[in-house]
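Asker: A structural model of the following input is requested.
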Amino acid sequence: MYNIIQFFDDPARNACLYSFLNGILPQGVSYSSQSNKTIYDSAGKLVYAPVNMLTGSTTLGTQSVTVTEGQDYTLSFYGTGSVVLSEGGSGSLTGTDASTRVSLSFTAGTSSVTFTVSGEVSNAQLEPTSYDSPHLYNETTSAACYGPRFDNDPLTSAIKGVLIEESRTNAIPHSMFGEPSRWTQYGTTLTANSATAPNNLMNAALLTETTGSGTHGIIRFGVTSYTAGDPYTKSYYVKAGTATVAQLMFNTGSFASNNYANFDLTTGSIGTYNAVTPSIEAVGDGWYRISITGTAINTYSSTSDGYLLLTNNNTSASNLPTYTGTSLYLYVFGEQLEAGASATSYIPTYSASATRAADDLSFTIPPGVTRLRCTLDDDSTQDITGLSSGDYHVPTNLDRSHIKTIKGYTS
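Answerer: Model prediction:
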């Protein structure tokens, strides 16, 4: 069941080996984190990594849990007892027997929910979803469980290894476009809950251009600050409708005035761009995650995120293109704006920005091992040298974020 540590006397051979390709944390490896995180599951859908936000879940007792206002949650358990929700949650759930799992989904109304328990409630779980998760039950004792992120390729479903990332913040509240009025809509209309998103829920928004002449796109004002000289990355999930090209721009007060990038949503290719580094990744069912990275040239507080624009399907359009609209449309989901030189895994947000805690993967380096070799998801390798025996935490700034295997060498 586990990938066990292997020792060799021959210094030319590897002294230890951990594999992260079977979705099980190897014996001797520890993982810890303090927040919910997203992955792609074995079906290629965007989901939360295994989590149980309750404590003492085997035999549940009354407790209060910190939650995110506006987010959906699901409580489930076995047994014949009952749980009553109060404060930020409402409703009650009564079990049937020791072999049947019952569940209740609710939306948090405040930042705390109290679960009052009566009778026998066992193997209880609280997850940040609106449905029963396919993940296995995650037992907890004195602390909540935030499990390791075994991530899959959204196109092939092949496991990519364990996902290790630094802490990042998504500065965009309501980033799933559930409240379209929070975006200023130039020559467009934004309609919530119009298509199935990468998370397999009906919460992607529809962005449709009007038939007037001018710029056609959306922007969010007053959501973030920029520091001159620092890199930032802006990303969205987008899917073509009759509009097959999308353009991203940072605001022109903090970034170069001619920054932009065009993305072809039929071929998955990048069109013309300037003063940014663009990226596009296919994530299945016609969806792409597109992003731009740029360096701020001015420091501003409480300013805009920049634009998502339609281009009249022109992959060579200049920034802020103007034209007479013909009701072209595309779908959008999961905006993210983060400080950093690349896009990291999506951080869902609701009424406020949200921070994803760093992933902490650790193990004990055996005596004599001085070098680790990490095999990454693209089969490239990266060596970490100058090591000594003892407790070791894998760095979050490797060349790539997915680790397939880790080998230790004595020379």
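
Asker: Now do the strands in the stretch 301-411 of the chain.
Answerer: In chain order, the stretch 301-411 of the chain shows strands spanning 307-310, 322-324, 329-339, 354-356, 360-365, 371-376, 381-384, 390-393, 402-409, with DSSP state E, counting those that start in this stretch as the criterion.

Asker: Determine which stretch of the ones you listed is the most buried.
Answerer: For the strands of the stretch 301-411 of the chain, ranked by mean neighbour count under the definition mean count of other C-beta atoms under 10 Å, the leader is strand 307-310 at a mean of 25. All C-beta atoms are positioned from the backbone trio N, CA, C, and that covers glycine.

Asker: How far away from the center of its chain is that strand?
Answerer: Relative to its chain's centre, strand 307-310 lies at 22 Å (C-alpha atoms, centre = their mean, to the nearest Å).

Asker: How about residues contacting it?
Answerer: For strand 307-310, contacts defined as C-beta atoms under 8 Å, 6 or more residues apart in numbering pick out 188, 207, 209, 215-219, 236, 238, 243, 245-249, 251, 320-321, 325, 328, 330, 332, 335.

Asker: so what's Leu155 closest to, chain neighbours aside?
Answerer: With C-beta to C-beta, 6 or more residues apart in numbering as the criterion, Leu155 has its nearest non-adjacent residue at 5.6 Å, and that residue is Gly284.

Asker: For the stretch 1-150 of the chain, which residues score under the pLDDT cut-off?
Answerer: When the per-residue scores of the stretch 1-150 of the chain are filtered using pLDDT under 70, the ranges that remain are 1-16, 132-135.

Asker: mind redoing it with 80?
Answerer: Along the stretch 1-150 of the chain, the parts satisfying pLDDT under 80 run over 1-16, 131-136.

Asker: which residues of it fall in strands?
Answerer: Listed in chain order, the strands found in the stretch 1-150 of the chain under DSSP E, counting those that start in this stretch are 14-19, 29-32, 38-40, 46-48, 51-52, 63-66, 72-78, 82-87, 92-94, 102-107, 112-118, 122-127, 145-146, 150-152.

Asker: how far away is Val283 from Tyr346?
Answerer: Using C-beta to C-beta, to the nearest Å, we find Val283 at a distance of 10 Å from Tyr346.

Asker: Spit out the residues that contact these two alike.
Answerer: Residues touching both Val283 and Tyr346 (C-beta under 8 Å, 6+ apart) are Leu46, Tyr237, Arg289.

Asker: That's all I had, so thanks and see you.
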